[in-house]
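*Asks:* Kindly return the folded structure for what I paste below:
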Amino acid sequence: MTDFPARGTRDVVVAADGSAGAKDAVAWAADDAFRRHVPLRIVHVVERGPYDIPRFSTLEWPGPLVLSGRKILEEAEREARERQPSVEVGTELIEGDLVRSLTEQAAGAVEIVLGSRGLGGFTGALLGSVSTRVAVHAHGPVVVVHPGGGARREVVVGVDDDPHCEPALAFAFEQAALRGGPLRAVHAWQLPVHAFAPEIVYDMDEIRRAQFRVVKDRVGAWQEKFPEVTVLEDVQSAHPVDALVDASATADLVVVGSHGRRAVAAALLGSVSRGVLHHARCPVAVVRS
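*Replies:* As a prediction, the model looks like this:
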């Protein structure tokens with residue numbers, strides 16, 4: 001097992017717990033570290049229960065949880081090196097609260113990568129529990145790896161008229177450029193409830209033109225910075241979760257924005273990002289503003 005060098009390096013961080021989902025996450029993270037030409041750091045969190053008193057067991061004097069964690073890290077490191085031999089790989093065993101520890105690991109990293117389901121420290125934790133809490137609080141992109149993707153090298157990003165989507169757009173354009181594939185900018189819109197009142201008349205053509213302008217205004221500046229990326233403007237009248245989940249069926253990655261870290265952030269994440277996290281058929285990156 002290789003100890004990782006001192007902090008300060010911009011790296012890709014991935015959580016390992018020995019589960020099939022975590023193995024998928026390690027593979028995804030190794031590939032992304034290779035594309036980015038940055039190191040990969042694999043972490044395992046030893047989280048003790050309220051009645052699991054360590055007594056004489058510490059990282060220096062290992063007990064069963066620590067020994068198991070070291071074995072998990074050794075296996076994950078071996079898998080990462082076999083997949084991407086040229087990537088610098090290191091490991092880190094951490095003892096503490098799972099969500100807090102993963103959130104702290106994301107600080108200064110390019111991204112933190114998690115499996116959609118896990119074992120060990122993830123036991124009994126629904127996707128909405130661990131992954132959503134990390135996505136809400138982490139300082140940087142959080143990638144949750146679902147099985148699937150890879151068919152077209154296409155990256156999908158959710159676009160709306162809120163400036164909070166700018167970091168997500170930056171991440172999505174970068175991913176599309178790294179993969180050499182197109183970027184699908186999905187903007188889903190719905191008429192307000194009062195639009196169906198017969199006494200109110202709407203110009204549907206003008207509404208549709210306005211929705212297309214939202215996408216053009218948002219992606220225009222980024223397309224100038226990434227001229228090699230082909231942008232597919234996908235504007236449709238649908239619920240955003242439905243539109244993004246449908247697009248995920250043939251995508252490598254779906255990127256969605258998050259609105260911050262305040263208490264209201266969980267609710268904002270829950271409306272669209274949470275739905276995409278639960279139902280997407282490929283990896284999902286949540287990028288908070």
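*Asks:* any idea how far stretch 274-282 is from the chain center?
*Replies:* For stretch 274-282, the separation from the chain centroid amounts to 11 Å (computed by C-alpha atoms, centre = their mean, to the nearest Å).
*Asks:* One more: stretch 182-192?
*Replies:* That offset, for stretch 182-192, works out to 19 Å (C-alpha atoms, centre = their mean).
*Asks:* quick one: buried residues of that stretch?
*Replies:* Of the residues in stretch 182-192, 182-189 count as buried by neighbour count, 16 or more other C-beta atoms under 10 Å. For glycine as for every other residue, the C-beta is placed from the backbone atoms N, C-alpha and C.
*Asks:* okay, that stretch in PDB with CA atoms only?
*Replies:* Presented in PDB, the C-alpha positions along stretch 182-192 are these (Å, rounded to 0.1, in the frame of the first residue of the first chain):
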ATOM      1  CA  PRO A 182     -19.800  16.200 -27.800                       C
ATOM      2  CA  LEU A 183     -21.600  18.200 -25.000                       C
ATOM      3  CA  ARG A 184     -25.300  18.000 -24.900                       C
ATOM      4  CA  ALA A 185     -26.700  21.100 -23.200                       C
ATOM      5  CA  VAL A 186     -30.200  20.100 -21.900                       C
ATOM      6  CA  HIS A 187     -32.600  22.900 -21.000                       C
ATOM      7  CA  ALA A 188     -36.100  21.600 -19.900                       C
ATOM      8  CA  TRP A 189     -38.900  24.000 -19.300                       C
ATOM      9  CA  GLN A 190     -42.500  23.800 -18.300                       C
ATOM     10  CA  LEU A 191     -45.300  26.300 -18.500                       C
ATOM     11  CA  PRO A 192     -46.500  27.700 -15.200                       C
END
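*Asks:* What lies in contact with it?
*Replies:* The list of residues contacting stretch 182-192 from outside it, by C-beta atoms under 8 Å, 6 or more residues apart in numbering, reads 152-160, 172-173, 176, 202, 207, 211, 214-215, 218-219, 229-240, 242-244, 247, 251.
*Asks:* Among these, name the ones in helices.
*Replies:* Where the contacts of stretch 182-192 overlap with helices, as defined by DSSP state H, the overlap consists of 172-173, 176, 207, 211, 214-215, 218-219, 240, 242-244, 247.
*Asks:* Among those residues, the buried ones, what's the ChimeraX command?
*Replies:* Here is the ChimeraX command that selects the buried residues among the ones in helices among the contacts of stretch 182-192 (16+ other C-beta under 10 Å):
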select :172,173,176,211,214,215,218,219,240,243,244,247
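*Asks:* Quick check: which element contains Ser68?
*Replies:* Using DSSP states H and E, Ser68 maps to helix 64-83.
*Asks:* downstream neighbour of that helix in the secondary structure list?
*Replies:* Next along the chain after helix 64-83, taking DSSP H and E as the criterion, comes strand 89-95.
*Asks:* do you know how far Ala221 is from Leu169?
*Replies:* Between Ala221 and Leu169 the distance is 9 Å, computed by C-beta to C-beta, to the nearest Å.
*Asks:* which regions of the stretch 1-150 of the chain sit below the pLDDT cut-off?
*Replies:* Within the stretch 1-150 of the chain, the set of residues satisfying pLDDT under 70 comprises 1-9, 48-62, 118-128, 148-150.
*Asks:* can you map out the helices along it?
*Replies:* Counting by DSSP state H, counting those that start in this stretch, the segments of the stretch 1-150 of the chain that form helices are 20-36, 64-83, 98-106, 127-137.
*Asks:* Which one of Ala221 and Leu169 is surrounded by more residues?
*Replies:* The residue with the greater number of neighbours, taking Ala221 and Leu169 and applying other C-beta atoms under 10 Å, is Leu169; the counts read 22 against 10.
*Asks:* Next, work out how far apart the more buried one and Val255 are.
*Replies:* To Val255, Leu169 is 8 Å away according to C-beta to C-beta.
*Asks:* what do these two both touch?
*Replies:* Listed contacts common to Leu169 and Val255 are Val157; contacts here mean C-beta under 8 Å, 6+ apart.
*Asks:* Pull the most distant pair out of the ones in helices among the contacts of stretch 182-192.
*Replies:* Ala176 and Ile207 (28.5 Å; C-beta to C-beta).
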